[in-house]
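[1] would you be able to build a 3D model of this:
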Amino acid sequence: MVLAAGCSGGKNQAVAPPLPEVAVITVAAQSLLLTTELPGRTAPFLIADIRPQVNGLIQKRLFTEGADVQAGQELYRIDPAPFQAMYDKTKANLTGLRLKADRLKEALVSKAVSQQEFDDADAALKQAEAELEMAHINLEYTKIVAPISGRIGKSTVTDGAIVTAYQPMPLAIIQQMDPIYVDVPQSTADLLRLQRRLADGRLTRDANNQNVVQLILEDGTKYPAEGTLQFRDISVDPSTATVILRMVFPNPNGVLLPGMFVRTAVKEGANDQAILIPQQAVMRDPKGTPMALIVNAAGAVEARILTLDRAIGDRWLVTSGLTTGERVIVEGLQKARPGAAVKAVPFEVPPAR
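    Numbers count the residues shown, from 1 in each chain. Here you go, the predicted structure:
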(Lines give C-alpha, C1' and ligand atoms only; values in the text may rest on other atoms or scores of the structure.)
Protein backbone atom coordinates (compact mmCIF):
# COMPACT_ATOMS: atom_id res chain seq x y z
CA MET A 1 0.00 0.00 0.00
CA VAL A 2 2.81 2.42 0.82
CA LEU A 3 4.49 1.71 -2.52
CA ALA A 4 1.26 2.20 -4.37
CA ALA A 5 0.61 5.50 -2.67
CA GLY A 6 4.09 6.75 -3.54
CA CYS A 7 3.70 5.86 -7.20
CA SER A 8 0.28 7.54 -7.36
CA GLY A 9 1.61 10.81 -5.86
CA GLY A 10 4.41 11.06 -8.44
CA LYS A 11 1.99 10.83 -11.37
CA ASN A 12 -0.37 13.57 -10.08
CA GLN A 13 2.34 16.20 -9.34
CA ALA A 14 1.68 19.38 -11.49
CA VAL A 15 4.45 20.52 -13.87
CA ALA A 16 4.57 24.36 -14.48
CA PRO A 17 4.40 25.29 -18.21
CA PRO A 18 7.33 27.30 -19.64
CA LEU A 19 6.95 31.08 -19.76
CA PRO A 20 6.16 32.53 -23.20
CA GLU A 21 9.25 34.01 -24.80
CA VAL A 22 9.24 37.57 -26.18
CA ALA A 23 11.97 39.57 -27.91
CA VAL A 24 12.63 43.01 -26.44
CA ILE A 25 14.78 46.07 -27.02
CA THR A 26 16.07 48.27 -24.23
CA VAL A 27 15.06 51.91 -24.61
CA ALA A 28 18.06 54.21 -24.97
CA ALA A 29 18.08 57.96 -25.65
CA GLN A 30 20.16 59.18 -28.57
CA SER A 31 20.98 62.41 -30.37
CA LEU A 32 18.91 62.86 -33.51
CA LEU A 33 18.80 65.62 -36.12
CA LEU A 34 15.16 66.14 -37.04
CA THR A 35 14.20 67.16 -40.55
CA THR A 36 10.84 67.79 -42.17
CA GLU A 37 10.01 67.04 -45.78
CA LEU A 38 7.86 69.75 -47.30
CA PRO A 39 6.59 69.98 -50.89
CA GLY A 40 7.25 73.09 -52.90
CA ARG A 41 7.75 74.58 -56.34
CA THR A 42 10.66 76.25 -58.03
CA ALA A 43 10.49 79.90 -59.06
CA PRO A 44 12.90 82.07 -61.07
CA PHE A 45 15.41 84.12 -59.13
CA LEU A 46 14.64 87.11 -61.36
CA ILE A 47 11.91 87.52 -63.98
CA ALA A 48 11.32 90.33 -66.47
CA ASP A 49 8.46 90.90 -68.91
CA ILE A 50 9.72 92.53 -72.08
CA ARG A 51 7.38 95.30 -73.28
CA PRO A 52 7.89 98.20 -75.72
CA GLN A 53 8.08 101.74 -74.38
CA VAL A 54 7.11 103.42 -77.64
CA ASN A 55 4.58 102.69 -80.39
CA GLY A 56 5.85 101.32 -83.67
CA LEU A 57 6.51 98.46 -86.05
CA ILE A 58 8.81 95.59 -85.08
CA GLN A 59 11.57 95.77 -87.66
CA LYS A 60 13.62 92.81 -86.44
CA ARG A 61 13.76 90.18 -83.69
CA LEU A 62 17.39 89.82 -82.65
CA PHE A 63 17.47 86.78 -80.34
CA THR A 64 16.97 83.01 -80.49
CA GLU A 65 14.01 81.71 -78.52
CA GLY A 66 15.07 79.62 -75.53
CA ALA A 67 18.62 81.00 -75.53
CA ASP A 68 20.53 82.73 -72.74
CA VAL A 69 20.68 86.51 -73.08
CA GLN A 70 22.74 89.11 -71.26
CA ALA A 71 21.58 92.30 -69.59
CA GLY A 72 21.72 95.14 -72.15
CA GLN A 73 21.51 92.81 -75.16
CA GLU A 74 19.24 94.12 -77.91
CA LEU A 75 16.20 91.88 -78.37
CA TYR A 76 13.90 93.76 -80.79
CA ARG A 77 14.32 96.74 -83.12
CA ILE A 78 11.36 99.07 -83.66
CA ASP A 79 11.43 101.06 -86.89
CA PRO A 80 13.43 104.16 -85.82
CA ALA A 81 12.63 106.36 -88.87
CA PRO A 82 9.79 108.46 -87.38
CA PHE A 83 11.66 108.89 -84.11
CA GLN A 84 14.84 109.90 -85.91
CA ALA A 85 12.89 112.48 -87.91
CA MET A 86 11.36 113.93 -84.73
CA TYR A 87 14.80 114.08 -83.12
CA ASP A 88 16.31 115.88 -86.11
CA LYS A 89 13.40 118.38 -86.24
CA THR A 90 13.65 119.14 -82.51
CA LYS A 91 17.41 119.51 -82.76
CA ALA A 92 17.12 122.01 -85.63
CA ASN A 93 14.48 124.01 -83.72
CA LEU A 94 16.75 124.04 -80.69
CA THR A 95 19.63 125.48 -82.73
CA GLY A 96 17.49 128.42 -83.88
CA LEU A 97 16.20 129.13 -80.38
CA ARG A 98 19.72 129.00 -78.94
CA LEU A 99 20.96 131.59 -81.47
CA LYS A 100 17.99 133.83 -80.72
CA ALA A 101 18.58 133.58 -76.98
CA ASP A 102 22.26 134.44 -77.44
CA ARG A 103 21.39 137.57 -79.48
CA LEU A 104 18.81 138.73 -76.93
CA LYS A 105 21.29 138.19 -74.12
CA GLU A 106 23.79 140.53 -75.81
CA ALA A 107 21.07 143.05 -76.54
CA LEU A 108 19.90 142.94 -72.94
CA VAL A 109 23.28 144.28 -71.80
CA SER A 110 22.78 147.44 -73.83
CA LYS A 111 19.09 147.64 -72.85
CA ALA A 112 18.08 147.17 -76.50
CA VAL A 113 15.50 144.54 -75.46
CA SER A 114 13.45 144.12 -72.34
CA GLN A 115 14.09 141.54 -69.65
CA GLN A 116 10.72 139.96 -70.48
CA GLU A 117 11.74 139.34 -74.08
CA PHE A 118 14.93 137.62 -72.99
CA ASP A 119 13.11 135.56 -70.35
CA ASP A 120 10.58 134.35 -72.94
CA ALA A 121 13.37 133.35 -75.32
CA ASP A 122 15.29 131.59 -72.53
CA ALA A 123 12.18 129.65 -71.44
CA ALA A 124 11.52 128.58 -75.03
CA LEU A 125 15.15 127.41 -75.26
CA LYS A 126 14.86 125.30 -72.11
CA GLN A 127 11.60 123.78 -73.35
CA ALA A 128 13.23 122.88 -76.65
CA GLU A 129 16.16 121.29 -74.81
CA ALA A 130 13.71 119.11 -72.83
CA GLU A 131 11.89 118.17 -76.03
CA LEU A 132 15.19 117.19 -77.64
CA GLU A 133 16.02 115.01 -74.64
CA MET A 134 12.62 113.31 -74.85
CA ALA A 135 13.07 112.78 -78.60
CA HIS A 136 16.46 111.20 -77.93
CA ILE A 137 14.97 108.91 -75.26
CA ASN A 138 12.18 107.78 -77.59
CA LEU A 139 14.74 107.12 -80.32
CA GLU A 140 16.75 104.95 -77.92
CA TYR A 141 13.56 103.10 -76.92
CA THR A 142 13.33 101.76 -80.46
CA LYS A 143 16.07 99.38 -79.31
CA ILE A 144 14.35 97.00 -76.87
CA VAL A 145 17.09 95.52 -74.65
CA ALA A 146 17.18 92.84 -71.96
CA PRO A 147 16.93 94.36 -68.45
CA ILE A 148 18.39 91.23 -66.81
CA SER A 149 20.52 88.25 -67.77
CA GLY A 150 18.77 84.90 -68.04
CA ARG A 151 16.97 82.54 -70.38
CA ILE A 152 14.42 84.04 -72.73
CA GLY A 153 11.27 82.20 -73.74
CA LYS A 154 9.24 82.28 -76.92
CA SER A 155 8.42 85.53 -78.70
CA THR A 156 4.78 86.55 -78.89
CA VAL A 157 5.35 88.76 -81.96
CA THR A 158 7.12 88.42 -85.28
CA ASP A 159 8.85 90.86 -87.58
CA GLY A 160 6.36 93.37 -88.96
CA ALA A 161 4.05 93.35 -85.94
CA ILE A 162 2.66 96.63 -84.63
CA VAL A 163 3.24 97.17 -80.92
CA THR A 164 2.15 99.84 -78.45
CA ALA A 165 3.92 101.33 -75.49
CA TYR A 166 3.52 99.36 -72.23
CA GLN A 167 1.02 96.96 -73.82
CA PRO A 168 -0.50 94.29 -71.52
CA MET A 169 0.96 91.33 -73.43
CA PRO A 170 4.75 91.02 -73.09
CA LEU A 171 6.84 90.48 -76.19
CA ALA A 172 8.84 87.81 -74.34
CA ILE A 173 9.79 86.80 -70.78
CA ILE A 174 13.32 86.46 -69.37
CA GLN A 175 13.90 84.27 -66.32
CA GLN A 176 17.11 84.00 -64.35
CA MET A 177 17.42 80.39 -63.13
CA ASP A 178 20.89 80.27 -61.58
CA PRO A 179 20.44 80.51 -58.69
CA ILE A 180 16.78 79.52 -58.41
CA TYR A 181 14.15 79.91 -55.70
CA VAL A 182 12.13 77.11 -54.12
CA ASP A 183 8.95 78.30 -52.36
CA VAL A 184 7.58 75.90 -49.75
CA PRO A 185 4.34 76.34 -47.76
CA GLN A 186 4.50 75.38 -44.08
CA SER A 187 1.39 75.10 -41.95
CA THR A 188 1.12 77.46 -39.01
CA ALA A 189 0.36 74.46 -36.77
CA ASP A 190 3.76 72.93 -37.62
CA LEU A 191 5.42 76.30 -37.12
CA LEU A 192 3.90 76.72 -33.65
CA ARG A 193 4.82 73.14 -32.71
CA LEU A 194 8.43 73.77 -33.69
CA GLN A 195 8.56 77.03 -31.75
CA ARG A 196 7.23 75.31 -28.62
CA ARG A 197 9.83 72.57 -28.83
CA LEU A 198 12.61 75.09 -29.20
CA ALA A 199 11.26 77.10 -26.26
CA ASP A 200 10.97 73.96 -24.09
CA GLY A 201 14.51 72.90 -24.87
CA ARG A 202 13.43 69.67 -26.54
CA LEU A 203 15.13 70.86 -29.71
CA THR A 204 18.37 72.77 -30.14
CA ARG A 205 19.64 74.50 -33.24
CA ASP A 206 23.09 74.64 -34.76
CA ALA A 207 23.54 78.13 -36.14
CA ASN A 208 26.28 76.97 -38.54
CA ASN A 209 24.15 74.58 -40.61
CA GLN A 210 20.59 75.29 -39.51
CA ASN A 211 19.69 77.01 -42.78
CA VAL A 212 21.12 74.26 -45.01
CA VAL A 213 18.35 72.58 -47.04
CA GLN A 214 18.36 69.46 -49.21
CA LEU A 215 16.21 68.98 -52.30
CA ILE A 216 14.50 65.87 -53.68
CA LEU A 217 13.40 65.93 -57.31
CA GLU A 218 10.12 64.68 -58.76
CA ASP A 219 11.60 61.31 -59.70
CA GLY A 220 12.82 60.73 -56.13
CA THR A 221 16.49 61.46 -56.80
CA LYS A 222 18.45 63.73 -54.50
CA TYR A 223 19.57 67.06 -55.97
CA PRO A 224 23.39 67.16 -55.72
CA ALA A 225 23.72 70.71 -54.40
CA GLU A 226 22.46 71.96 -51.04
CA GLY A 227 20.42 75.12 -50.73
CA THR A 228 19.95 77.84 -48.13
CA LEU A 229 16.80 78.82 -46.28
CA GLN A 230 16.61 82.53 -47.07
CA PHE A 231 13.61 83.65 -45.06
CA ARG A 232 10.22 82.68 -43.65
CA ASP A 233 7.39 84.94 -44.74
CA ILE A 234 5.67 86.98 -42.03
CA SER A 235 2.21 86.82 -43.60
CA VAL A 236 -0.15 83.84 -43.31
CA ASP A 237 -2.24 82.80 -46.29
CA PRO A 238 -5.76 82.81 -44.78
CA SER A 239 -7.09 80.31 -47.33
CA THR A 240 -4.51 77.62 -46.48
CA ALA A 241 -3.21 78.69 -43.02
CA THR A 242 0.37 78.46 -44.27
CA VAL A 243 3.46 80.63 -44.44
CA ILE A 244 5.96 80.51 -47.29
CA LEU A 245 9.55 79.39 -46.76
CA ARG A 246 11.82 80.69 -49.52
CA MET A 247 15.01 78.78 -50.29
CA VAL A 248 17.81 79.43 -52.78
CA PHE A 249 19.58 76.64 -54.69
CA PRO A 250 22.47 76.84 -57.17
CA ASN A 251 21.41 75.69 -60.63
CA PRO A 252 24.48 75.91 -62.90
CA ASN A 253 23.38 73.09 -65.23
CA GLY A 254 19.77 74.22 -65.56
CA VAL A 255 18.38 70.99 -64.05
CA LEU A 256 15.76 72.95 -62.10
CA LEU A 257 13.18 74.75 -64.22
CA PRO A 258 10.63 77.29 -62.94
CA GLY A 259 7.39 75.65 -61.83
CA MET A 260 8.83 72.20 -61.06
CA PHE A 261 7.36 70.25 -58.12
CA VAL A 262 10.03 69.26 -55.58
CA ARG A 263 10.36 68.17 -51.96
CA THR A 264 12.68 69.82 -49.47
CA ALA A 265 14.28 68.43 -46.33
CA VAL A 266 14.25 71.30 -43.82
CA LYS A 267 16.25 70.96 -40.61
CA GLU A 268 14.19 71.59 -37.47
CA GLY A 269 16.90 71.02 -34.88
CA ALA A 270 18.65 68.38 -32.80
CA ASN A 271 16.89 66.25 -30.17
CA ASP A 272 19.55 65.04 -27.71
CA GLN A 273 17.11 62.71 -25.86
CA ALA A 274 15.34 61.08 -28.79
CA ILE A 275 13.70 57.68 -28.22
CA LEU A 276 13.23 55.47 -31.28
CA ILE A 277 11.49 52.10 -31.30
CA PRO A 278 10.68 49.73 -34.21
CA GLN A 279 7.32 50.38 -35.81
CA GLN A 280 6.36 46.72 -35.29
CA ALA A 281 6.48 47.29 -31.52
CA VAL A 282 3.61 49.80 -31.67
CA MET A 283 -0.01 48.67 -31.56
CA ARG A 284 -3.29 50.58 -31.67
CA ASP A 285 -6.20 50.25 -29.28
CA PRO A 286 -9.80 50.32 -30.59
CA LYS A 287 -9.74 54.12 -30.47
CA GLY A 288 -6.56 54.25 -32.53
CA THR A 289 -4.35 55.36 -29.64
CA PRO A 290 -0.76 54.08 -30.06
CA MET A 291 0.54 51.80 -27.32
CA ALA A 292 3.39 49.40 -26.59
CA LEU A 293 3.96 46.49 -24.22
CA ILE A 294 6.98 46.44 -21.92
CA VAL A 295 8.49 43.87 -19.59
CA ASN A 296 8.94 45.35 -16.13
CA ALA A 297 11.61 44.50 -13.55
CA ALA A 298 9.44 41.66 -12.18
CA GLY A 299 9.21 40.04 -15.60
CA ALA A 300 5.55 40.93 -16.10
CA VAL A 301 3.97 42.63 -19.08
CA GLU A 302 2.73 46.23 -18.82
CA ALA A 303 0.89 48.35 -21.39
CA ARG A 304 2.04 51.90 -22.09
CA ILE A 305 0.15 54.64 -23.95
CA LEU A 306 2.52 56.44 -26.32
CA THR A 307 2.73 59.81 -27.94
CA LEU A 308 4.38 59.55 -31.35
CA ASP A 309 6.03 62.37 -33.23
CA ARG A 310 6.80 60.91 -36.66
CA ALA A 311 8.12 57.89 -38.51
CA ILE A 312 11.85 57.89 -39.20
CA GLY A 313 12.64 55.04 -41.54
CA ASP A 314 11.20 51.86 -39.98
CA ARG A 315 11.06 53.36 -36.47
CA TRP A 316 8.76 55.66 -34.52
CA LEU A 317 10.02 58.70 -32.66
CA VAL A 318 8.37 58.55 -29.22
CA THR A 319 7.86 61.80 -27.32
CA SER A 320 6.17 60.36 -24.21
CA GLY A 321 5.20 57.02 -22.66
CA LEU A 322 8.64 55.41 -22.41
CA THR A 323 11.75 56.07 -20.36
CA THR A 324 15.38 55.06 -20.77
CA GLY A 325 16.15 51.51 -19.64
CA GLU A 326 12.66 50.05 -20.15
CA ARG A 327 12.31 46.87 -22.22
CA VAL A 328 9.85 47.13 -25.09
CA ILE A 329 8.42 43.96 -26.65
CA VAL A 330 9.09 43.81 -30.39
CA GLU A 331 8.32 40.17 -31.21
CA GLY A 332 5.91 37.80 -29.49
CA LEU A 333 3.22 40.41 -28.90
CA GLN A 334 0.52 37.83 -29.56
CA LYS A 335 1.82 35.81 -26.60
CA ALA A 336 2.05 38.76 -24.20
CA ARG A 337 -0.85 39.88 -22.01
CA PRO A 338 -0.72 42.75 -19.51
CA GLY A 339 0.01 41.32 -16.05
CA ALA A 340 1.30 37.97 -17.36
CA ALA A 341 4.85 36.80 -16.74
CA VAL A 342 7.10 36.34 -19.79
CA LYS A 343 10.66 35.45 -20.61
CA ALA A 344 12.46 38.36 -22.25
CA VAL A 345 15.24 37.77 -24.76
CA PRO A 346 17.14 40.40 -26.78
CA PHE A 347 15.62 41.31 -30.14
CA GLU A 348 17.95 40.54 -33.02
CA VAL A 349 17.86 43.18 -35.73
CA PRO A 350 17.65 41.48 -39.15
CA PRO A 351 20.62 42.15 -41.44
CA ALA A 352 20.16 44.90 -44.01
CA ARG A 353 19.45 43.68 -47.55
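[2] what mean pLDDT does the longest strand seen in the chain have?
    Selection of the longest strand in the chain by residue count, based on DSSP state E, yields strand 30-50. Averaging pLDDT along strand 30-50 gives 91.
[3] which of the residues in that strand are buried?
    Within strand 30-50, the residues scored as buried using 16 or more other C-beta atoms under 10 Å are Leu32, Leu34, Thr35, Leu38, Gly40, Thr42, Ala43, Pro44, Phe45, Ala48, Ile50. For every residue, glycine as well, the C-beta is placed using N, CA and C.
[4] likewise for stretch 98-116?
    So for stretch 98-116, counting by 16+ other C-beta under 10 Å, buried means Ala101, Leu104, Leu108, Val113.
[5] next, the second one: phi, psi?
    Note on Leu104: backbone dihedrals following degrees, to the nearest 10 are phi -70, psi -30.
[6] show me what contacts it?
    Applying C-beta atoms under 8 Å, 6 or more residues apart in numbering to Leu104 gives the contacts Val113, Glu117, Phe118, Ala121.
[7] and with 10 Å instead?
    The neighbours of Leu104, taking C-beta atoms under 10 Å, 6 or more residues apart in numbering as the test, are Ala112, Val113, Ser114, Gln115, Glu117, Phe118, Asp119, Asp120, Ala121, Asp122, Leu125.
[8] save the buried residues of strand 30-50 as JSON lines, and put in distance to Val301 too.
    Output for the buried residues of strand 30-50, formatted as JSON lines (distance: C-beta to C-beta, whole Å):
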{"residue": "Leu32", "distance to Val301": "28"}
{"residue": "Leu34", "distance to Val301": "31"}
{"residue": "Thr35", "distance to Val301": "35"}
{"residue": "Leu38", "distance to Val301": "40"}
{"residue": "Gly40", "distance to Val301": "46"}
{"residue": "Thr42", "distance to Val301": "52"}
{"residue": "Ala43", "distance to Val301": "55"}
{"residue": "Pro44", "distance to Val301": "60"}
{"residue": "Phe45", "distance to Val301": "59"}
{"residue": "Ala48", "distance to Val301": "68"}
{"residue": "Ile50", "distance to Val301": "73"}
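[9] still on that earlier bit, helices and strands around the longest strand of the chain, which ones?
    Applying 3 or more C-beta pairs under 10 Å, 6 or more residues apart in numbering; DSSP states H and E, one finds that strand 30-50 contacts strand 150-152, strand 172-187, helix 188-200, strand 212-216, strand 242-249, strand 261-278, strand 307-312.
[10] after the shortest one, next one along is what?
    The one in question is strand 150-152. Sequence-wise, the next helix or strand downstream of strand 150-152 (DSSP states H and E) is strand 162-163.
[11] and that following strand, which strands flank it?
    Partners of strand 162-163 in the sheet, by DSSP bridges, are strand 56-61 (antiparallel).
[12] ok, then the element right after the strand it pairs with?
    Next element after strand 56-61 (DSSP H and E): strand 68-69.
[13] who touches that next one?
    With C-beta under 10 Å, 6+ apart as the criterion, strand 68-69 contacts 50, 62-63, 75, 145-146, 148-152, 172, 174, 176-178, 254.
[14] just the buried subset of those, please.
    Buried members of these, counted by 16+ other C-beta under 10 Å: 50, 63, 75, 145-146, 148-152, 172, 174, 176-178.
[15] among the residues you listed, which two are most distant?
    Within these, Val145 and Asp178 form the most distant pair, 20.8 Å apart (C-beta to C-beta).
[16] between the buried residues of stretch 98-116, which is closest to Phe347?
    Phe347 lies nearest to Ala101 out of the buried residues of stretch 98-116, by C-beta to C-beta, at 100.9 Å.
[17] give me the secondary structure label for that closest one.
    When classified by DSSP: H, G, I helix; E, B strand; the rest coil, Ala101 comes out as helix.
[18] isn't it up against Val113?
    No: contact between Ala101 and Val113 fails when scored by C-beta atoms under 10 Å: they sit 11.1 Å apart.
[19] what do those two both touch?
    Ala121.
[20] part of a helix, is Gly96?
    Yes: checked against three-state DSSP, Gly96 lies within a helix.
[21] pretty sure it contacts Ala128?
    Yes: with contact defined as C-beta under 10 Å, Gly96 reaches Ala128; the gap is 8.7 Å.
[22] neighbour-wise, which of the two wins?
    Between Gly96 and Ala128, counted using other C-beta atoms under 10 Å, the more crowded position is Ala128 (20 against 12).
[23] the nearest residue to that one once chain neighbours are set aside: neighbouring residues, count only.
    Excluding its sequence neighbours, the residue lying closest to Ala128 (C-beta to C-beta, 6 or more residues apart in numbering) is Leu94, at 4.3 Å. Other residues lying near Leu94 total 19 when counted by other C-beta under 10 Å.
[24] do Glu326 as well
    Glu326: 20 surrounding residues under other C-beta under 10 Å.
[25] below-threshold pLDDT in the stretch 251-353 of the chain: ranges please.
    Of all residues in the stretch 251-353 of the chain, those with pLDDT under 70 make up the ranges 350-353.
[26] got the domain boundaries for the chain?
    Domain assignment for the chain by automatic domain parsing gives 21-32+273-346, 33-45+176-270, 52-76+148-169, 80-141.
[27] quick one: terminal-to-terminal distance for stretch 146-154?
    With C-alpha to C-alpha, to the nearest Å as the measure, stretch 146-154 spans 14 Å from end to end.
[28] state the mean pLDDT of that stretch.
    In the prediction, stretch 146-154 has an average pLDDT of 95.
[29] can you give the distance of that stretch from its chain's centre?
    Computed by C-alpha atoms, centre = their mean, to the nearest Å, the chain-centroid distance of stretch 146-154 equals 23 Å.
[30] sweet, I'm off.
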